[in-house]
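1. heads up, no residue letters with this:
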Ligand SMILES: COc1cccc(CC(=N)NC(=O)c2cccnc2OC2CCNCC2)c1
């Protein structure tokens, strides 16, 4: 199908795939701020722009409810992401965030929030170059307003507001193929509560498998096995930053975390993000790190359950402990915390544990994109060190 909007944008175009004469880097040059459109794009006359103050509990609730009822569903429309208010406040207010990048659309008469799109600032390294980018996420148009072509104007408006802050690149993901993915990831699921997952239709009983055999297959110890495995604390920020920066340096595209970023993105927050590390009992060095974020899904149309409790693999580094044992400890603590399933993408070195730790492949793919930045060639998922929420 034609990508009418994306063919007008500074993104890698399908027709350019394989053209190695095109240099890696920005597709369009930065422009002087005076040349950036000063006024917002036009919306259909019955709608108006609104900037969402995510420090306001009421506005955070409006964004939460819009996403809860209208955001991404799985391919079979059995589940819908249900990001919590606390999660959204965390995800949208990292160090240096711009409130102007939290953009809503309201119906003029009812003042109801009917659409949303967000950006946050991030430093992302592409090859040897660290680029200030906007991470675009949570694009959501109310189900009743689909196919009114609101998404293109919302994307243009967040782009305009990002340009006003003198930022000219962006990163985003989508479950659909657009011009042009920098990489395409497979997602994988590890059952923690197989009976519930089968009852709600997330998983199916394997051939020649009984329920009790399935429960036994996914059983985990009650406690992590690695000596020195403990929750991350504020005092660990410098050590975790060193560990992460050394690890992420090997990937073609990766987040360029500093201590401020690590403090915001990786310090544990209840029901939002969990992070653990291994402190060597001998040397007290921090040698390994694992983390996962909390993203429940609403279960659509099931009489017995309403919510699927899902943990999503975030950033993990193993330097002394086996990656398998470290990630198995992450599974153990996530099961103890009541998660039903642990999800992961095949990015970074995740492929090395997925099959061994009994993950099964999901039925979809997640595509990663850069805006106004051309890569010489697409990456393999194992060359990507960037996890978007
Ligand atoms: C189980 O409930 C779901 C509710 C909505 C959609 C999906 C399938 C899906 N689209 N999953 C993913 O995109 C996914 C699978 C594994 C890891 N991260 C993921 O997406 C993250 C990162 C991108 N933003 C959404 C969360 C599942």
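-> Arrived safely. Because the structure is a prediction, the values reported are computed rather than measured.

2. next, residue 326: secondary structure please.
-> For residue 326, the assignment made with DSSP: H, G, I helix; E, B strand; the rest coil gives helix.

3. over to residue 288?
-> With three-state DSSP as the criterion, residue 288 reads strand.

4. just residue 100 next, same as before
-> Classified using three-state DSSP, residue 100 is helix.

5. which residue is the nearest non-sequential neighbour of it?
-> Distances taken as C-beta to C-beta, 6 or more residues apart in numbering put residue 161 closest to residue 100, at 5.2 Å, once the chain neighbours are dropped. Placement of C-beta: from N, CA and C, glycine included.

6. the one you found - how many residues pack around it?
-> 22 (other C-beta atoms under 10 Å).

7. what of residue 36?
-> Neighbours of residue 36 (other C-beta under 10 Å): 16.

8. again, but for residue 278
-> Residue 278 - counted by other C-beta under 10 Å - has 25 other residues nearby.

9. wait, a helix at it?
-> No. Using three-state DSSP, the assignment for residue 278 is strand, not a helix.

10. just to revisit the earlier point, right, and the residue nearest to residue 100 touches residue 101 too?
-> Yes. In this structure, residue 161 is within contact of residue 101 by C-beta atoms under 8 Å, at 5.7 Å.

11. spell out which residues are contacts of both of these two.
-> residue 119 (C-beta atoms under 8 Å, 6 or more residues apart in numbering).

12. ramachandran angles for the nearest residue to residue 37 once chain neighbours are set aside?
-> Excluding the flanking residues, the one nearest residue 37 by C-beta to C-beta, 6+ apart is residue 160, at 5.5 Å. Per-residue torsions, residue 160: phi -60, psi -40 (degrees, to the nearest 10).

13. how about residue 64?
-> Dihedral angles (degrees, to the nearest 10) for residue 64: phi -60, psi -50.

14. neighbours around it, how many?
-> By other C-beta under 10 Å, the residues close to residue 64 number 19.

15. what's near enough to touch the closest residue to it other than its chain neighbours?
-> Closest residue to residue 64 apart from its sequence neighbours, by C-beta to C-beta, 6+ apart: residue 85 at 4.7 Å. Contacts for residue 85 (C-beta under 8 Å, 6+ apart) come out as 57, 60, 61, 64.

16. residue 331 versus residue 225, what's the distance?
-> 11 Å (C-beta to C-beta, to the nearest Å).

17. more neighbours: which of the two?
-> residue 331 (26 against 11).

18. ok, back up a step: give me the phi and psi for the residue nearest to residue 64.
-> Note on residue 85: backbone dihedrals following degrees, to the nearest 10 are phi -60, psi -40.

19. is it true that residue 162 touches residue 170?
-> Yes. Using C-beta under 8 Å, residue 162 is in contact with residue 170, at 6.6 Å.

20. hey, what's in contact with both of those two?
-> 119, 134.

21. please name the bridge partners of the closest residue to the ligand within the stretch 101-250 of the chain.
-> Residue nearest to the ligand within the stretch 101-250 of the chain: residue 187 (3.4 Å; C-beta to the nearest ligand atom). On the basis of DSSP bridges, residue 187 is bridged to residue 345.

22. how many neighbours does it have?
-> Residue 187: 20 neighbours (other C-beta under 10 Å).

23. list the contacts for the closest residue to the ligand within the stretch 251-389 of the chain?
-> Closest residue of the stretch 251-389 of the chain to the ligand, C-beta to the nearest ligand atom: residue 297 (3.4 Å). Residue 297 makes contact with 74, 79, 80, 81, 82, 307, 308, 310 under the criterion C-beta under 8 Å, 6+ apart.

24. one more time with 7 Å
-> 79, 80, 81, 82, 308, 310 (C-beta atoms under 7 Å, 6 or more residues apart in numbering).

25. list buried residues within the residues you listed.
-> With burial judged by 16 or more other C-beta atoms under 10 Å, the buried subset of those is 79, 80, 81, 82, 308, 310.

26. sorry, back to before: mind checking pLDDT for the residue of the stretch 251-389 of the chain closest to the ligand?
-> The confidence metric pLDDT takes the value 98 at residue 297.

27. so it bridges to which residues?
-> Applying DSSP bridges, one finds that residue 297 bridges with residue 81, residue 308.

28. could you do residue 374 as well?
-> residue 25.

29. surely it and residue 12 touch.
-> Yes. Shown here, residue 374 and residue 12 form a contact pair, counting by C-beta atoms under 7 Å, at 5.5 Å.

30. compare neighbour counts for the two and give me the winner.
-> Neighbour count, other C-beta under 10 Å: between residue 374 and residue 12, residue 12 has more, with 25 against 20.

31. please identify the helix or strand for the more buried one.
-> Assigned by DSSP states H and E, residue 12 falls within no helix or strand.

32. tell me how far it lies from the ligand.
-> 20 Å (C-beta to the nearest ligand atom, to the nearest Å).
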